[in-house]
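S.K.: Pasted the sequence and its predicted model underneath.
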Amino acid sequence: MVKKTADLEYGSSRVNQSLSPEQKIGLLRDMIRIRRFEERSLKAYSRGNIAGFLHLYNGQEAVAIGAISVCGENDHLITAYRDHGHALGVGMSMNECMAELYGKATGCSKGKGGSMHFFAPDKNYWGGHGIVGGQTPLGAGIAFGLKYRGITGSCLCFLGDGAVNQGAFHESLNLASLWDLPVIYVIENNGYSMGTSQSRSSRYTECLAKRAEGYDMAWDQCFGHDIYEVRDHIQKAIDRAHGESRPTLIEIDTYRYEGHSVADANKKIYRAPEEIEAYKKTKDPINVFYSKLIEEEIINEKQFKEISQSASEEANKAAEFAERSPYPEPSSILEDVYWETDNPEQRSSKGRIFFNDEF
Ligand SMILES: Cc1ncc(C[n+]2csc(CCOP(=O)(O)OP(=O)(O)O)c2C)c(N)n1
């Protein structure tokens, strides 16, 4: 059995020992950029500039950044609708992300996807999916594609604790193990789904990841507030994917500060405000890492403030960019739905694509 291991000193593990001081500051900066982006988008939402859903990642930053930071050029990512942190982590710009939230044509999905549909295939980032668990067979498919082409790589497929009971997820686990796929399923267990706690939705004895045993798959569990710990555990799963072409199911304990989406008015009813404050006080991933870097004498308060300030300015500029940008043309509504409709010369399927008919 794998135990939770918060007491171990992950800073000195192999994958973390090799980090230079600049790289460590870079990791902190990446987490702070997510936090400031999310805060700025919340402000834009309250002012009515963003409509629909807005699922914020505040509190979970060390999971996305820790995982992405150990990925190589053939490692791919796919996630659910809480996708802003991963998007910024893979290198998408705040401008294209903020503009997408505003529904503007300059957004990464041309303003037609919104908060849940950030994509950057050129950065190995396959979205952003609104159907709970819907990304899990796709993650297996990406891993299958890598294996089929003989590429040594992996697909990190993130999901929430609310997605673990979806049938598609279990089918994916089965195929991933049966076909030896280099996929890593990362459960970001933030304790809650949509107003439902994990204990009310899943039978939980030691952890959720243990379910992998039913599929003869390796599993692991760790805390998500310490970026060193996340890096260490994800690296092991990547090594397994690259070296043995075997899947892993890893559960990372984390926490979200905001509601399910920002329109979740009940966020303080299904959990006590003290619980949120206690996590912020003791386990906030940015503060935890900042304290470690202070201890390691890598950063000082002035530098920390500068990083934070510059991330706020970047987020403000992104909001200005989004405000200035145009909305998509109504005439573009049927574009970007099917590849073959937009690229008829490359069409290989036969039959009718119904909405492409003349109206
Ligand atoms: C198939 C499906 N069922 C229900 C929903 C509605 N829904 C959206 S998010 C959500 C909760 C998912 O929670 P979790 O997977 O824990 O992710 P978190 O929000 O905690 O990141 C639900 C039930 C949906 N989008 N798709």
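M.R.: Okay, I see it.

S.K.: Helices along this protein, start to end?
M.R.: Assigned helices in the chain, in chain order: 14-17, 21-46, 61-68, 84-90, 94-101, 135-148, 167-178, 198-201, 227-244, 273-283, 285-295, 301-324, 339-342 (criterion: DSSP state H).

S.K.: Please identify the most buried of these.
M.R.: Comparing those by mean neighbour count (mean count of other Cβ atoms under 10 Å), helix 61-68 ranks first with a mean of 29. (Glycine included, C-beta is placed from N, CA and C.)

S.K.: Quick one: work out the angle between that one and helix 227-244.
M.R.: 30 degrees (axes from the mean of the first three to the mean of the last three Cα atoms, to 10 degrees).

S.K.: ok, the nearest residue to residue 258 once chain neighbours are set aside to residue 101 distance?
M.R.: The spatially closest residue to residue 258, leaving aside those adjacent along the chain, is residue 56, at 4.4 Å (Cβ to Cβ, 6 or more residues apart in numbering). In this view, residue 56 and residue 101 are 11 Å apart by Cβ to Cβ, to the nearest Å.

S.K.: Can you name the residue of the stretch 151-300 of the chain nearest to the ligand?
M.R.: Residue of the stretch 151-300 of the chain nearest the ligand, by Cβ to the nearest ligand atom: residue 160 (2.2 Å).

S.K.: Contacts only, for that residue.
M.R.: Applying Cβ atoms under 8 Å, 6 or more residues apart in numbering, we find residue 160 in contact with 80, 82, 132, 187, 188, 189, 190, 193.

S.K.: swap in residue 258?
M.R.: So residue 258 contacts 38, 42, 56, 58, 264, 267 (Cβ under 8 Å, 6+ apart).

S.K.: Spell out which parts of the stretch 251-359 of the chain neighbour the ligand.
M.R.: By the rule Cβ under 6 Å from any ligand atom, the part of the stretch 251-359 of the chain lying against the ligand is residue 260.

S.K.: Flag the shaky bits of the stretch 251-359 of the chain, pLDDT-wise.
M.R.: 354-359 (pLDDT under 70).

S.K.: shouldn't the residue nearest to residue 258 be in contact with residue 83?
M.R.: No: in this structure, residue 56 is not within contact of residue 83 by Cβ atoms under 8 Å, at 10.9 Å.
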